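Engineer: Dropping a prediction and its sequence here:
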Amino acid sequence: MSVIEPGLPREKFYGWTVVAAAFSVLFLAYGLQFSYGVFVLGMTADLGWSRADTVLPYSIYVFLYSVLSAVTGRATDRFGPSVVIRIGAVLIGAGWGLSALVTQPWHLSVTLGVIAALGMSVAWVPCNATVARWFTRRRGTAVAIASTGGSLGNLLVPALCAVLVSQWGWRLTLGALAMVTALCIFFAARYLVRDPEMLGQWPDGEVPSAASAEVVSGYTVREILWTEPFLFIIGIYLLTWLVIFVPFVHAPAYAQDLGLSSLMGASVLSAIGVGGVLGRLASGVVSDALGRIPTLLVVCGMQALSFGLFAVAQEASALLIAAVIFGMSYGGGVTVLPPLCSDLFGRAHVASVVGAIFAIAGAPAAAGPYLAGWLYDTTGSYESAFIYAAGLNALALLLTVLLAWRTSAREK
């Protein structure tokens, strides 16, 4: 058990302060990350790169920060989230800031693909896993509120970037955004404490009970690695995350291919953010009431539907509807994961468990945006990429049905 940090309040339940700090970190980190699509068109026009050239470094970035989530998850369990996220803040600022100075594709592969990825690996897993450790009865709701920060960042920051890029250019906008983001994340990390026991408190702010014993219980990654529930979760999230970044990277360009304005392209990203806010909040509350797996069933079905709608969209209204549904499903899926892992495997090692799933299932997502760019360069259209994405999510839905059936059979 770590020593209590000085200066942190202990009179009131501190869990909601942890939720607020996690919300802030995720808002900042994902607002920056999901604005990348706004900068792609400026890069291609200014530097003469193909869309595949601008997407490849982003794919490296997604792969590396996903793989490193296993490391940062374990580090969070051992050293606490505050120090881990502060280190990440410095790397986020350096990586994205230096990306504003690139002149060659390999430069971006280093600044974004490596340095920024090292920083981003400390955002999602440490924040959500830490929140999950502070709650038991209201775990889904608390994680939902914290993770909504990512969707609000997705909603607000890309539109702001589109306006600033039109005034300042993509280089100055990206550099300024990187520095502000890094400084604010560094500050917010101060308020993230690993678990309530460090402050003499218990999950949900309740008196010691059966829930309080959960901090010393729970399975390690090695103990659950080949168990059926773990393998099902890996399969479900592998299929759905393989194409999860395609709309974030390609939607602005897709909108312009349909004859819409650059502002509408950024608005598609904001629409994903609107859906993400709704999906995260709804999935957290619903999963607390009805269960994690039934919620995951709905999420996978909605995501398959959203990609199908992207494939057939021809005008702004259809594109925005597809974006909102996608945001709801994406936001719901990532929100359900930490509470689901805490419920199934305990909270003693939850950051390590979630980090391992993020690394195994999330790393292949790096291929999605690049393959979509390659399909576009080959066919001149994004239609086939969205159709393939819908099919993969349909398979994820089938695996979720099987997980629900196997879980129900074991409980009987």
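Structural biologist: Received it, and whenever you're ready, just let me know what you need.
Engineer: residue ranges with poor pLDDT in the protein?
Structural biologist: Low-confidence regions of the chain, defined by pLDDT under 70, span residues 1-11, 51-52, 207-218, 409-412.
Engineer: could you redo the last one with a cut-off of 50?
Structural biologist: Within the chain, the segments meeting pLDDT under 50 span 1-9, 210-216.
Engineer: Find the centremost residue of it, please.
Structural biologist: When the chain is reduced to its mean C-alpha position, the closest residue under Cα atoms, centre = their mean turns out to be Trp124, at 5.8 Å.
Engineer: wait, doesn't it sit right on Ala359?
Structural biologist: No: under the contact definition of Cβ atoms under 8 Å, Trp124 does not touch Ala359, with a separation of 11.5 Å. (Each C-beta comes from the backbone N, C-alpha and C, glycine too.)
Engineer: what do those two both touch?
Structural biologist: Taking Cβ atoms under 8 Å, 6 or more residues apart in numbering as the contact rule, the neighbours common to Trp124 and Ala359 are Ser69.
Engineer: Now do the contacts for the residue nearest to the centre of the chain.
Structural biologist: With contacts taken as Cβ under 8 Å, 6+ apart, Trp124 has the following neighbours: Leu26, Ala29, Ser69, Gly150, Val334, Phe358.
Engineer: Try it again at 7 Å.
Structural biologist: Leu26, Phe358 (Cβ atoms under 7 Å, 6 or more residues apart in numbering).
Engineer: And stretch 222-242, what's buried?
Structural biologist: Going by neighbour count (16 or more other Cβ atoms under 10 Å), the buried part of stretch 222-242 is 224, 229-230, 232-242.
Engineer: Nearest to Tyr61, out of the residues you listed: which one, please.
Structural biologist: Within the buried residues of stretch 222-242, distances to Tyr61 taken as Cβ to Cβ reach their minimum at Trp241, with 14.5 Å.
Engineer: count of neighbours near the residue nearest to that closest one when sequence neighbours are not counted?
Structural biologist: Of all residues beyond its chain neighbours, the one nearest Trp241 is Ala365 (4.5 Å), with distances taken as Cβ to Cβ, 6 or more residues apart in numbering. Other residues near Ala365 number 22, with proximity taken as other Cβ atoms under 10 Å.
Engineer: tell me the contacts of Ala365?
Structural biologist: With contacts defined as Cβ under 7 Å, 6+ apart, the neighbours of Ala365 are Val62, Ser66, Trp241, Leu242, Ile244, Phe245.
Engineer: The residues you listed in helices, which ones?
Structural biologist: Val62, Ser66, Trp241 (DSSP state H).
Engineer: residues in contact with the second one?
Structural biologist: Ser66 makes contacts with Phe358, Ala359, Gly362, Ala363, Ala365, Ala366, as judged by Cβ under 7 Å, 6+ apart.
Engineer: Most neighbours among these, please name it.
Structural biologist: When neighbours are counted as other Cβ under 10 Å, the busiest of the contacts of Ser66 turns out to be Phe358, with 29 neighbours.
Engineer: I'd assumed Leu68 was in contact with that residue.
Structural biologist: No: no contact is recorded between Phe358 and Leu68 when judged using Cβ atoms under 7 Å, the distance being 9.3 Å.
Engineer: Need the nearest residue in space to Gly95, chain neighbours excluded.
Structural biologist: Ala116 (2.8 Å).
Engineer: what's the distance between the one you found and Val110?
Structural biologist: Computed with Cβ to Cβ, to the nearest Å, the distance linking Ala116 and Val110 is 10 Å.
Engineer: So which of these two has more stuff around it?
Structural biologist: Neighbour count, other Cβ under 10 Å: between Ala116 and Val110, Ala116 has more, with 31 against 17.
Engineer: Need the contacts of Ser66 in JSON lines (columns: secondary structure and distance to Ala351).
Structural biologist: Below are these laid out as JSON lines (DSSP: H, G, I helix; E, B strand; the rest coil; distance: Cβ to Cβ, whole Å):
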{"residue": "Phe358", "secondary structure": "helix", "distance to Ala351": "10"}
{"residue": "Ala359", "secondary structure": "helix", "distance to Ala351": "12"}
{"residue": "Gly362", "secondary structure": "helix", "distance to Ala351": "15"}
{"residue": "Ala363", "secondary structure": "helix", "distance to Ala351": "18"}
{"residue": "Ala365", "secondary structure": "helix", "distance to Ala351": "20"}
{"residue": "Ala366", "secondary structure": "helix", "distance to Ala351": "22"}
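Engineer: tell me which of those is nearest to Ala251?
Structural biologist: For the contacts of Ser66, the nearest to Ala251 is Ala365 (15.8 Å; Cβ to Cβ).
Engineer: Compute the number of surrounding residues for Ser408.
Structural biologist: 10.
Engineer: Within the helices and strands, which one has it?
Structural biologist: In this structure, Ser408 sits in helix 383-411 according to DSSP states H and E.
Engineer: again, but for Thr141
Structural biologist: Applying DSSP H and E, one finds Thr141 within helix 139-168.
Engineer: For the stretch 201-350 of the chain, just list every one of the helices.
Structural biologist: Along the stretch 201-350 of the chain, counting by DSSP state H, counting those that start in this stretch, helices occupy 221-224, 228-241, 246-257, 262-290, 292-312, 316-345, 350-362.
Engineer: could I get those as TSV with distance to Ala394?
Structural biologist: Supplementary listing: those in TSV, determined by distance: least, Cβ to Cβ, whole Å:
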stretch	distance to Ala394
helix 221-224	27
helix 228-241	9
helix 246-257	16
helix 262-290	19
helix 292-312	5
helix 316-345	13
helix 350-362	17
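Engineer: Show me the one of the ones you listed that comes nearest Tyr191.
Structural biologist: When these are ranked by distance to Tyr191, counting by Cβ to Cβ, first place goes to helix 350-362 at 17.2 Å.
Engineer: now for whichever helix or strand comes after the closest one, which elements pack on it?
Structural biologist: Heading C-terminal from helix 350-362, the first helix or strand you meet, by DSSP H and E, is helix 367-379. Taking 3 or more Cβ pairs under 7 Å, 6 or more residues apart in numbering; DSSP states H and E as contact, the helices and strands that helix 367-379 lies on are helix 51-79, helix 246-257, helix 383-411.
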